[in-house]
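Asks: Turn this into a structure:
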Amino acid sequence: MQSPTKQRASPRILTTETPHVPGPVNFDWPLANTAEELLRKRIAEFLEENRFARVLAERMRAETGTDFFEWVDHLVLGPAHEEELVEAGFTLDEQAETAAAQAAYEHPRATLPRVLHRGNKSGPIVVALKPEFVADFISCHNVTSEPEGEPCSRYRRVLVAEENGTRLEAVERRAYRGFVPEALAPGELERIIKARELWRTRPRIVAPGHERLLTSSPTEAEAVKAANGILDRVIDLVGRDLACQFFFETERWYWESRNTAGRLQKHRQDTLGLGWGNHDHHTFRCSREHFTDLIEFLLKLGFVKRERYYAGSEAGWGAQIMEQPVVGIVVFADVDLMPEETEIDFSVQKLPPAPRVSTVGLWVGLHGESFLEAGMHHLEARFDFDLLRDQLKGAGVNMMKPFSDFEFLRQAFTEGERWPVRRERAEQLLKAGLITRQQCEQFIKEGALGSHLENLQRHGGFKGFNQKSVSVVIAATDPRRNHFKSEPVAA
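Replies: Coordinates of the predicted model:
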């Protein structure tokens, strides 16, 4: 593969890219059915001509419960397709660095693959997949081509199969939205290795509240401060956007270590060399005390705020959705809200102690902050909803009742992983009058619901969520409901 001519100057490693926030600040996300249908049509035509890709698509469905479409990073089309792209709502992606005579098109209000347009040059139709790591994909499929781009560099790609005027490629991104490989700078690889190690080894196990569990255990406040110190070090090493990518690689690894369904599905996807390239969003449950700490941490990682949900009077919770547009990470951050707090910006205003706990606060009280000891409440990835449900059931993992079941959005949790509850955590909740003695003893004896894998399927490029649906599943996963069906669950 020949290296393309660069169209725009590339930033150095410590340069922070300006976040690309598509479209106006409007979170009433539309359906982009025409755009999705156009891409699916082009991909279907591609699969007719490329046997390797066609067989892979069948294996994705049969072995991982996923749709080939959700693994597509981008397509490369010729000049004949420009008009139909524009008519379907695609616009130029001005932030994406491309080779000379190429232009990148995106749908600014949808979660759809991008399209590279060749200008006046003809050539094969290209579909580029997005496994988490190209080397894993090469190994699993006996690919003989040499990948372009150094290991750990910002953009790698490899030719997988070229048939009948079509090319199947696989690409790997490192906090980079463009399409031009670049060599690592001197010393960059060492900084990358150190940055990843810093995230993997940060202190997470803490004492509940403000008391120390062990001499070596930090309090939650100390662990939050330590995480920010590590973030500053990692940003100094590799820049903000790579710091974000490496942080979430570690968060997925930590969540997976505590979730059986996650490990099972990751293994299924790893058999095809795919990894978690199909992730949709990462959900963190937070205490009222440390919610703004998490938001500030995410802002330092380059996130921008999207929707904010107020369901205090409805289900006792609120959420701030955030997106890191360079890395392509979405976070759903949950917190307990009181009914009278639905008018404040709780992502900025620190919340005072509450007289009672709802689902999120109780979960954090029992297990710790998602940001620290507990890890993520769930990882949501994109699947063929029915296929994944049936395949996991055959492997002994059941799904809860869907909490979103629309044509454009289907969502369901796996049955929750039951985690042990440390006595000191349960007793602290009892001492504060937030649970009963019976609940305290049963949590200690039986544990409580911990984490989930979420099965999600989107259509029409729909980018949003449904607040009422989320309220239903938050109520359904309250640890007290799981243990004490005869007792009412306090709001």
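
Asks: Tell me which helix or strand comes right after the least confident helix or strand in the chain by mean pLDDT.
Replies: Least confident helix or strand, the chain: helix 312-315 with a mean of 61, by mean pLDDT, DSSP states H and E. Counting by DSSP states H and E, the element after helix 312-315 in chain order, helix or strand, is strand 317-324.

Asks: Point out the other helices and strands that that following strand packs with.
Replies: helix 291-300, strand 304-311, strand 329-336, helix 467-476 (3 or more C-beta pairs under 8 Å, 6 or more residues apart in numbering; DSSP states H and E). Just so you know, the C-beta spots here come from the backbone N, C-alpha and C atoms, and that holds for glycine as well.

Asks: Alpha carbons of the first one, in PDB - could you do that?
Replies: Listed in PDB are the C-alpha atoms of helix 291-300, where the atom choice follows Å, rounded to 0.1, in the frame of the first residue of the first chain:
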ATOM      1  CA  PHE A 291     -20.600  13.500  40.600                       C
ATOM      2  CA  THR A 292     -19.200  16.900  39.700                       C
ATOM      3  CA  ASP A 293     -15.700  15.400  40.200                       C
ATOM      4  CA  LEU A 294     -16.400  12.800  37.500                       C
ATOM      5  CA  ILE A 295     -17.800  15.500  35.200                       C
ATOM      6  CA  GLU A 296     -14.700  17.700  35.600                       C
ATOM      7  CA  PHE A 297     -12.500  14.700  35.000                       C
ATOM      8  CA  LEU A 298     -14.300  13.900  31.800                       C
ATOM      9  CA  LEU A 299     -14.100  17.500  30.600                       C
ATOM     10  CA  LYS A 300     -10.300  17.300  31.100                       C
END
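
Asks: other SSEs contacting it?
Replies: Counting contacts by 3+ C-beta pairs under 8 Å, 6+ apart, helix 291-300 packs against helix 220-238, strand 317-324, strand 329-336.

Asks: now Ala243, what's its secondary structure?
Replies: Recorded secondary structure, Ala243: helix (DSSP: H, G, I helix; E, B strand; the rest coil).

Asks: Check the burial of it by counting its neighbours.
Replies: Counted with other C-beta atoms under 10 Å, the neighbours of Ala243 add up to 26.

Asks: Tell me which of the helices and strands packed on helix 291-300 sits nearest to Lys468.
Replies: Judged by C-beta to C-beta, the one of those that comes nearest to Lys468 is strand 317-324, at 12.1 Å.

Asks: now that closest one, how far from the chain's geometric center?
Replies: 12 Å (C-alpha atoms, centre = their mean, to the nearest Å).

Asks: tilt between that strand and helix 467-476?
Replies: Angle of strand 317-324 versus helix 467-476, following axes from the mean of the first three to the mean of the last three C-alpha atoms, to 10 degrees, is 120 degrees.

Asks: got the buried residues for strand 317-324?
Replies: Trp317, Gly318, Ala319, Gln320, Ile321, Met322, Glu323, Gln324 (16 or more other C-beta atoms under 10 Å).

Asks: which of those lies closest to Glu150?
Replies: Within the buried residues of strand 317-324, proximity to Glu150 (C-beta to C-beta) peaks at Gln324, which comes in at 23.7 Å.

Asks: can you count the residues close to the residue lying closest to Pro181 once chain neighbours are set aside?
Replies: Closest residue to Pro181 apart from its sequence neighbours, by C-beta to C-beta, 6 or more residues apart in numbering: Gly149 at 3.7 Å. The number of residues packed near Gly149 is 22, by other C-beta under 10 Å.

Asks: returning to what we had before: nearest to Leu274, out of the helices and strands packed on helix 291-300?
Replies: Judging the helices and strands packed on helix 291-300 by C-beta to C-beta, what sits closest to Leu274 is strand 329-336, at 17.5 Å.

Asks: Please dump the helices and strands packed on helix 291-300 into TSV; it should also carry mean pLDDT and distance to Lys401 for every row.
Replies: Below are these laid out as TSV (pLDDT from 0 to 100; distance: least, C-beta to C-beta, whole Å):
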stretch	mean pLDDT	distance to Lys401
helix 220-238	96	34
strand 317-324	95	19
strand 329-336	97	20
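
Asks: Just put those in a markdown table and tack on distance to Leu456.
Replies: Below are those laid out as a markdown table (distance: least, C-beta to C-beta, whole Å):
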| stretch | distance to Leu456 |
| --- | --- |
| helix 220-238 | 28 |
| strand 317-324 | 14 |
| strand 329-336 | 11 |
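
Asks: Out of the ones you listed, which gets nearest to Val421?
Replies: Nearest to Val421 among these is helix 220-238 (16.5 Å), distances taken as C-beta to C-beta.

Asks: tilt between the closest one and helix 291-300?
Replies: Angle between the axes of helix 220-238 and helix 291-300 is 0 degrees (criterion: the same axes, to 10 degrees).

Asks: List the buried residues for helix 220-238?
Replies: Under 16+ other C-beta under 10 Å, the buried positions of helix 220-238 are Glu220, Ala223, Val224, Ala226, Ala227, Ile230, Leu231, Val234, Ile235, Leu237, Val238.

Asks: among those residues, which two are most distant?
Replies: With C-beta to C-beta as the measure, no two of those lie farther apart than Glu220 and Val238, at 26.9 Å.

Asks: Quick one: low-confidence residue ranges for the chain.
Replies: Counting by pLDDT under 70, the chain contains low-confidence residues at 1-26, 207-217, 312-315, 482-491.

Asks: how does it divide into domains?
Replies: As recorded under automatic domain parsing, the domains making up the chain are 33-173, 268-483.

Asks: Centroid-wise, who is the farthest residue in the chain?
Replies: Arg437 (37.6 Å; C-alpha atoms, centre = their mean).

Asks: wait, Arg252 sits on His281?
Replies: No. In this structure, Arg252 is not within contact of His281 by C-beta atoms under 8 Å, at 11.7 Å.

Asks: Now list whatever residues contact both of those two.
Replies: Here Arg252 and His281 have no joint contacts, going by C-beta atoms under 8 Å, 6 or more residues apart in numbering.

Asks: Next, the closest residue in space to Ile329 that isn't next to it in sequence: secondary structure please.
Replies: Counting by C-beta to C-beta, 6+ apart, Ile329 lies nearest to Phe248, which is 5.4 Å off, once chain neighbours are set aside. Taken by three-state DSSP, the conformation at Phe248 corresponds to helix.

Asks: again, but for Val326
Replies: Classification of Val326 using three-state DSSP returns coil.

Asks: Which phi and psi values does it adopt?
Replies: Main-chain torsions, Val326, degrees, to the nearest 10: phi -80, psi -40.

Asks: so what's it closest to, chain neighbours aside?
Replies: Asp241 (4.6 Å).

Asks: Correct me if wrong: the one you found contacts Ile329.
Replies: No. Using C-beta under 8 Å as the test, Asp241 is too far from Ile329 to be in contact (10.0 Å).

Asks: Looking at those two, which is more packed in?
Replies: Counted by other C-beta under 10 Å, Asp241 and Ile329 do not tie: Asp241 has more neighbours, with 26 against 22.

Asks: Ala62 versus that one, what's the distance?
Replies: Here the criterion is C-beta to C-beta, to the nearest Å. By it, Asp241 lies 36 Å from Ala62.

Asks: With Ile295 instead?
Replies: As for Ile295, its distance to Ala62 is 41 Å (criterion: C-beta to C-beta).

Asks: who has more neighbours, those two?
Replies: Ile295 (21 against 10).

Asks: before we move on, back to that, contacts only, for the residue farthest from the centre of the chain.
Replies: Contact analysis of Arg437 by C-beta under 8 Å, 6+ apart lists Leu430.
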